[in-house]
Structures are given as structure tokens and as C-alpha cells.
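S.K.: Sequence and predicted structure are below.
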Amino acid sequence: MQIRRNGKRWGKVWLLLALLIVAGVVLCGCGSAAKGWPGATVADGRLYVSSLAGRLMGFSASDGSPLWLDEEAGTLGTSESGVAIYGSPAVEGELVYLAGYNGKVYAFVAESGVLRWVYPREGNLASIAAGVAVSQGRVYFGCSDGTVYALDAATGDKLWSFEVGSKVWSTPTVAGDTLYVSAFDKKLYVLNTGDGSKRWEFEAGGAIVSPALVYQGTAYIGCFDRYFYAVDAATGSLRWRSEVMGGKWFWAKAVIYDGVVYAPNLDGKVYILDASSGAEITGAVDLGNPISSAPVVVGDKIVLATEEGSVYALDTASYQKGTPLINVQEATEDVAKSSSRMIYAPLSAAGGVVYIKAQTASEDALYAVDVAERETLWSRSLVISEGD
């Protein structure tokens, strides 16, 4: 009996150490300058992204030209150090939504970057270390204190909140009238979007930070126990747990194409699993460097980025990675060469073009790459100059 207690105790110790490591490496926004790793979001030919200075910025998706030049547009506060942001913007209708690590959610007018509302109006919530999900006039997000919120998307008024067991560091997933929330207490919580009531919860073998992938009645999640899970979306019952164990944590959200799940891992490999059974379709594809950026599907290719800056288009027929589409360490016309430029942010794509955000400790940049032509269409720094 004593052995069992010690085992549980050491399990909690290791989880605590893991949390501290992640907090130190990832959530670096509590220092003297704003940081974070949000990606870009494409909507209606526009690209919305937040900079390391803690500002929402808008660009033309076709050529990277800025949508607004007003110095006040897209600002999240008056702090000289800015506001750290860890989740990509969300867009619905005329508004763009963004969550700050300072415990506030912001809504901006997409055309101008003018602030429409902020929640809460006074004070701050616990830190928000992920993005918001927007669907059918509602904004959903989770906080580090374990609370999930729903707001009216037009006004920012609170509609409901729900307490989960621990930290939420993932962007919720909305599917119809159901909200999926991953949490550090090893559970996937599934809530009714209407009133926040719990429908079911599923407990995995480790903490969960990757958003759920919901596809044809199944929720797919990667976990800190290094396994990948498929859960019945209606009942919460386990459908399968992958036989293969990742070398490290599953951090980024997986994608699915033609009945096959592509699950990136911090061990630098992409695990390729049958969506119905969890069996490996083929051996994991090794990209040689950690993958914390969420991939995207472009045509019949899975586009993935490694932390050190290589972007690959994985062929879904042969499962070959080929040569990189781009390596952001190399000099480009509009972005200076940097040996320390990294890719942590999730990728985004539209019209056959993938949009990549890379960053150093002091600045970040955007790249637009045509996947079929394997051509960089444009690149730019997120520091706007007078020439813009």
C-alpha cells in the first residue's frame, strides 16, 4: 500500500516538474516584454496575426501589405512591454477576436483594427495561454485557473462559465452545439455550448494541451502520456488508444485526411494512424526536429513545420516528406537572415497557400508559400515601417 502511495506521489511530482518546465519554456510572456507563439488566421483574403509587441495586425493575404497603419489600431493596452499572446486570432463576421495572457479577451473591427470591446471591462481573469473559438455568435475560451467562459460575440457580455479540474492551455474546439476542452487534469471535457452544462468527460493517461480534432463522430486527442486517443464524440467512451507511443509529448493539434490521422510529436516525428482503428498506416515520418506547430492540409499534402524552421509538404500517397518548401533561417527579400528564427506557431492555409509565422527573441515575420509550386510568394517583418 505504501508503494502505491509513493507511486502516486512521484507521479504528481513529475507532472509538477513538467508543468514548471513548460511554463518556463512556453509561457514566457510574464517577463519584461510581450512574447507568445500565435499563428496567423486567414479570412476573406486577409491575414490577421499578433506581433511579439502584443499588437493585432492585419495584412493582405495576396501580397502582405498592411490593412491599417494607425499606430493605435490593434493595440491591447498601454503597457510599454505589451501583452503576451499565445493563441491565434479568431474571425467571425466583422470582428477579430484575440485573448491576452493578461487575462483579457479583445474584439477588434476587421476593417480598421479599432477596438470594439474587451472582457472583462474591469480587472483581469487568470492568464489565458491559448486562443478563443468563435461560433454562431459566441466566443469560447479557457483560463489557467481552470474556468471555461462563453461570451456574446457582438457585445462581450458573459453568457456562462464552467469550472474544470485544472489549467486549460488549449483552444476549445466547437462542433455544432458541443464544446471540447482539453485540460491539464488529464481530461477532455465536453460541454453544451448553449448553457455550459457538462455532457461527459474522458480521462486520458496524462495532461492534455492539444485541442481536440473532431471528425465524423470521433474526438481525437494527443496526450502527455505520449499516446494518441480516439473518443466517441456522443458518449465519451474510448474507441482506441494508439499502440505506438510517441518519443515525447503530443503538443500540436493533429489533422486528418482521407481517413488517416497525422499526429505531430515533440520528438520530431509525424505519427500516421488509421482513423478507425488507431493502427499505424506506416512508420512515423521523422522530420528531425521537434514539431510544436499545428499542421494544415493543403490539397493532398500535409504541411508541417519544425521548430528550427523547415517546412515540409508530406505526400499523402507515398508518405514522403521530400525537401523543405522553405527554411526560414535562409535570407529572403523582405526578412533578414537570422540563425535563431524558430517556428512554434500553428500554420494556416487558404487557396493552396500556406502562411507561416516565425520568430526570434525580439521580432517575428510572416511567409506565404504556394505549396503546389513550392514558391515563396512574399515574406515580411511584422515591424511596420514608414515605407508600408
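M.R.: Yep, it's here. Residues are numbered from 1 along each chain as shown.
S.K.: so who does S144 touch?
M.R.: Residues near S144 by CB atoms under 8 Å, 6 or more residues apart in numbering: A126, S127, I128, A129, K167, V168, W169. Every C-beta, even on glycine, is put in place using the N, C-alpha and C of the backbone.
S.K.: what are the bridge partners for the closest residue to the third one other than its chain neighbours, then?
M.R.: Spelled out, it's I128. Nearest residue to I128 in three dimensions, chain neighbours excluded: A99, at 4.2 Å (CB to CB, 6 or more residues apart in numbering). Beta bridges link A99 to V105 when assigned by DSSP bridges.
S.K.: Which among the contacts of S144 count as buried?
M.R.: S127, I128, A129, K167, V168, W169 (16 or more other CB atoms under 10 Å).
S.K.: quick one: the second one is in a strand?
M.R.: No. Counting by DSSP: H, G, I helix; E, B strand; the rest coil, one finds I128 to be coil, located in no strand.
S.K.: mind listing what it touches?
M.R.: Going by CB under 8 Å, 6+ apart, the list of residues near I128 reads Y86, G87, A99, G100, Y101, G103, K104, V105, F141, G142, C143, S144.
S.K.: quick check, nearest of those to G247?
M.R.: The shortest gap between G247 and any of those belongs to Y86, at 24.5 Å (CB to CB).
S.K.: you'd agree that closest one is up against Y101?
M.R.: Yes. Counting by CB atoms under 8 Å, Y86 touches Y101, with 6.2 Å between them.
S.K.: Check the closest residue to A110 other than its chain neighbours and give its pLDDT.
M.R.: Excluding its sequence neighbours, the residue lying closest to A110 (CB to CB, 6+ apart) is V96, at 5.1 Å. pLDDT for V96: 98.
S.K.: Packing partners of the helix or strand where V96 lies?
M.R.: In the assignment (DSSP states H and E), V96 maps to strand 95-100. Strand 95-100 sits against strand 56-60, strand 90-92, strand 104-109, with contacts defined as 3 or more CB pairs under 8 Å, 6 or more residues apart in numbering; DSSP states H and E.
S.K.: repeat that with 10 Å
M.R.: The contact analysis (3 or more CB pairs under 10 Å, 6 or more residues apart in numbering; DSSP states H and E) places strand 95-100 against strand 41-43, strand 46-50, strand 56-60, strand 90-92, strand 104-109, strand 115-119, strand 133-135, strand 138-142.
S.K.: Arrange those in TSV, one row each, with distance to G246, mean pLDDT and mean neighbour count as further columns.
M.R.: What follows is the helices and strands packed on strand 95-100, written out as TSV (distance: least, CB to CB, whole Å; pLDDT from 0 to 100; neighbours: other CB atoms under 10 Å):
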stretch	distance to G246	mean pLDDT	mean neighbour count
strand 41-43	28	97	20
strand 46-50	29	95	26
strand 56-60	34	95	21
strand 90-92	28	97	20
strand 104-109	32	97	22
strand 115-119	37	97	18
strand 133-135	26	98	21
strand 138-142	24	98	25
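S.K.: can I get these in a markdown table with distance to T282?
M.R.: Formatted as a markdown table, the helices and strands packed on strand 95-100 follow (distance: least, CB to CB, whole Å):
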| stretch | distance to T282 |
| --- | --- |
| strand 41-43 | 31 |
| strand 46-50 | 34 |
| strand 56-60 | 38 |
| strand 90-92 | 34 |
| strand 104-109 | 42 |
| strand 115-119 | 46 |
| strand 133-135 | 32 |
| strand 138-142 | 35 |
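S.K.: Mind checking which residue lies nearest the centre of this structure?
M.R.: The residue lying closest to the centre of the chain (CA atoms, centre = their mean) is P346, at 5.3 Å.
S.K.: Enumerate every residue touching that one.
M.R.: 37-41, 87-88, 131, 171, 211, 252-253, 292-296, 305, 356-357 (CB atoms under 10 Å, 6 or more residues apart in numbering).
S.K.: I figured L191 hits A183, correct?
M.R.: No. Using CB atoms under 10 Å, L191 makes no contact with A183, being 11.7 Å away.
S.K.: that older thread, closest to V261 out of the helices and strands packed on strand 95-100?
M.R.: Across the helices and strands packed on strand 95-100, closest to V261 is strand 133-135 (CB to CB), at 20.8 Å.
S.K.: What is the closest one packed up against?
M.R.: strand 90-92, strand 95-100, strand 138-142, strand 173-175, strand 178-182.
S.K.: Figure out how far the fourth one is from the centre of its chain.
M.R.: Read that as strand 173-175. Here strand 173-175 is found 14 Å from its chain centre; the criterion is CA atoms, centre = their mean, to the nearest Å.
S.K.: hmm, who's touching that strand?
M.R.: 133-136, 138, 140, 179-182, 188, 190, 193, 211-215, 217, 219, 221, 233, 253.
S.K.: Narrow those residues to just the buried residues.
M.R.: Buried among the contacts of strand 173-175 (16+ other CB under 10 Å): 133-135, 138, 140, 179-182, 188, 190, 193, 211-215, 219, 221, 233, 253.
S.K.: Point out where this structure drops to low pLDDT.
M.R.: By pLDDT under 70, the weakly predicted segments of the chain are 1-35, 77-81, 331-339, 384-388.
S.K.: Pretty sure D152 sits against R116.
M.R.: No. Using CB under 10 Å, D152 makes no contact with R116, being 11.8 Å away.
S.K.: Which residues are in contact with each of L191 and A183?
M.R.: Residues touching both L191 and A183 by CB under 10 Å, 6+ apart: V148, V164, E201.
S.K.: Same list (the residues you listed) but as CSV, adding neighbour count, distance to D286 and secondary structure.
M.R.: Listed next are the shared contacts of L191 and A183 as CSV, based on neighbours: other CB atoms under 10 Å; distance: CB to CB, whole Å; DSSP: H, G, I helix; E, B strand; the rest coil:
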residue, neighbour count, distance to D286, secondary structure
V148, 21, 36, strand
V164, 23, 35, coil
E201, 17, 34, strand
